[in-house]
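A.B. asks: Following is a predicted model, sequence given first.
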Amino acid sequence: MAGKIQDSPNRAAFDVRSAQDLRSQFQKDPKEGLKAAAQQFETLFLQMVMKSMRDATPQDGLLNSDQSRFYTGLLDQQMAQNMAGSGKGVGFAKLIEQQLGRNLGSSETPVDLSAPANAAADNLPLTASDGRHLQFKPVLSNLPTSSAYQAGKVATPSVQSTDVPATSSEFVNRVWPHAVEASRSTGIPPQFLVAHAALETGWGKSEVRRADGSTSFNLFGIKAGKSWNGATVDAKTTEYVDGQAQQSVEKFRAYGSYEESFRDYASLLRNNPRYGAVIGSQDGTEFARRMQQAGYATDPMYADKLSRIINGPTLRQALIG
């Protein structure tokens with residue numbers, strides 16, 4: 001079929017273009033887009049199974065290192081994609097496609113794919129996000145089927161709104177699709193990246209703002225160094241010198257959207273050698289520890305604060321809606 005997504009064994013699982021292709025597919029053919037999204041969900045599930053199996057095996061050995069675990073994770077991701085795409089997986093993709101396909105085809109009011117909605121297929125959560133494509137949130141608990149989704153009348157959130165989010169769930173819905181994109185290029189689970197943004201912005205309530213009060217979209221507190229040629233904004237910040245907190249005014253990077261913020265953040269992690277150990281982190285506590293060891297922040301309690309958000313109930317509840 002012309003325009004069909006080639007999410008096959010011939011495509012690299014970490015190909016960052018796949019999300020854009022999925023957006024385009026939903027615009028052209030929602031049913032084919034749903035099929036591809038369902039396969040992506042099964043891919044994630046299989047990858048989680050493989051990770052659990054590897055975590056249960058001894059990790060000692062001459063060839064065991066952060067780098068080997070990173071590339072093993074990429075291998076598992078590719079294998080999971082191949083299995084889901086070939087129909088030799090566990091069959092979740094077909095079940096999801098059948099259930100959500102009925103909503104697409106039978107509702108008098110078309111299902112709004114621009115709204116985040118949890119739907120259960122054998123208690124496995126799937127969400128529609130970013131206004132144009134389905135993405136998946138991690139399996140955290142058994143979820144009921146969303147009655148709003150079944151009715152096909154889910155309200156569309158302002159994903160790119162500059163208003164302060166009222167709840168942690170609203171903040172997560174606002175940044176989740178961009179976290180998924182950044183996850184593809186860094187190998188870091190998107191919920192870790194969302195947690196980092198939540199720590200830096202107080203769940204969106206303390207974003208770095210311009211003089212007129214509008215947001216700079218800087219979700220990660222990235223300062224504007226000498227190499228930065230883009231827009232900047234001056235803001236107060238707290239730095240720790242010899243363990244003592246000190247207030248100062250610094251220049252921070254300013255972006256045109258949350259998408260730009262996540263893209264720049266992912267580029268920083270990928271291209272700066274000091275964050276080499278962070279790339280591919282699959283354990284939340286380890287991710288937080290490595291970020292602090294790399295010198296991301298001067299707060300001596302930074303890793304502990306980030307770890308508590310990653311493993312805490314607020315993020316978990318926000319992710320499951």
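C.D. replies: The structure has been received and is ready for your questions.

A.B. asks: Tell me the span between the first and last residue of stretch 204-218.
C.D. replies: 10 Å (CA to CA, to the nearest Å).

A.B. asks: Quick check: buried residues in it?
C.D. replies: 204, 207, 208, 209, 215, 216, 217, 218 (16 or more other CB atoms under 10 Å). For the C-beta atoms, the positions are set from N, CA and C on the backbone; glycine is no exception.

A.B. asks: Identify all contacting residues around that stretch.
C.D. replies: 162, 164-165, 170-171, 174-175, 198, 201, 219, 221, 231, 233, 235, 252-258, 260-261 (CB atoms under 8 Å, 6 or more residues apart in numbering).

A.B. asks: Buried members of those into ChimeraX, please.
C.D. replies: In ChimeraX syntax, the buried subset of the contacts of stretch 204-218 is picked out as below (16+ other CB under 10 Å):
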select :164,165,170,171,174,175,198,201,219,221,233,235,252,253,254,255,258,260,261
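
A.B. asks: What about the contacts of stretch 204-218, which are in helices?
C.D. replies: Among the contacts of stretch 204-218, the members falling in helices are 170, 171, 174, 175, 198, 201, 258, 260, 261 (criterion: DSSP state H).

A.B. asks: Specify which member of those residues is nearest to residue 38.
C.D. replies: residue 175 (23.6 Å; CB to CB).

A.B. asks: thought that closest one was touching residue 197?
C.D. replies: Yes - counting by CB atoms under 8 Å, residue 175 touches residue 197, with 5.8 Å between them.

A.B. asks: Common neighbours of these two, please.
C.D. replies: residue 219.

A.B. asks: quick check: domain ranges of the chain?
C.D. replies: Split into domains by automatic domain parsing, the chain comes to 18-151, 168-319.

A.B. asks: Least confident of these, on average?
C.D. replies: Within the domains of the chain, the stretch with the lowest mean pLDDT is domain 18-151, showing a mean of 58.

A.B. asks: Residue 253 is in contact with residue 228, correct?
C.D. replies: Yes - under the criterion of CB under 8 Å, residue 228 makes contact with residue 253 at 5.8 Å.

A.B. asks: re the thing from before, which of the buried residues of stretch 204-218 lies closest to residue 265?
C.D. replies: For the buried residues of stretch 204-218, the nearest to residue 265 is residue 218 (9.3 Å; CB to CB).

A.B. asks: So the closest one versus residue 203, what's the distance?
C.D. replies: According to CB to CB, to the nearest Å, residue 218 and residue 203 sit 15 Å apart.

A.B. asks: again with residue 266
C.D. replies: Residue 266 is 21 Å from residue 203, by CB to CB.

A.B. asks: next one: residue 173
C.D. replies: 12 Å.

A.B. asks: Same check on residue 77?
C.D. replies: Residue 77 sits 29 Å away from residue 203, taking CB to CB as the criterion.

A.B. asks: Next: residue 189.
C.D. replies: 18 Å.

A.B. asks: could you dump the buried residues of stretch 204-218 to JSON lines with secondary structure?
C.D. replies: Listed next are those as JSON lines, based on DSSP: H, G, I helix; E, B strand; the rest coil:
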{"residue": "204", "secondary structure": "coil"}
{"residue": "207", "secondary structure": "coil"}
{"residue": "208", "secondary structure": "coil"}
{"residue": "209", "secondary structure": "strand"}
{"residue": "215", "secondary structure": "strand"}
{"residue": "216", "secondary structure": "coil"}
{"residue": "217", "secondary structure": "coil"}
{"residue": "218", "secondary structure": "coil"}
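
A.B. asks: Can you pick out the most distant pair from those?
C.D. replies: 204 and 216 (12.6 Å).

A.B. asks: Using PDB, write down the CA coordinates of stretch 70-82.
C.D. replies: Backbone C-alpha positions of stretch 70-82 (Å, rounded to 0.1, in the frame of the first residue of the first chain) are rendered in PDB as follows:
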ATOM      1  CA  PHE A  70      23.700  -0.300  26.300                       C
ATOM      2  CA  TYR A  71      24.400  -2.200  23.000                       C
ATOM      3  CA  THR A  72      22.700  -5.300  24.400                       C
ATOM      4  CA  GLY A  73      19.700  -3.200  25.100                       C
ATOM      5  CA  LEU A  74      19.700  -1.900  21.500                       C
ATOM      6  CA  LEU A  75      19.900  -5.600  20.300                       C
ATOM      7  CA  ASP A  76      16.900  -6.500  22.400                       C
ATOM      8  CA  GLN A  77      15.000  -3.500  21.100                       C
ATOM      9  CA  GLN A  78      15.700  -4.600  17.500                       C
ATOM     10  CA  MET A  79      14.800  -8.200  18.200                       C
ATOM     11  CA  ALA A  80      11.500  -7.200  19.900                       C
ATOM     12  CA  GLN A  81      10.600  -5.000  16.900                       C
ATOM     13  CA  ASN A  82      11.400  -7.900  14.500                       C
END
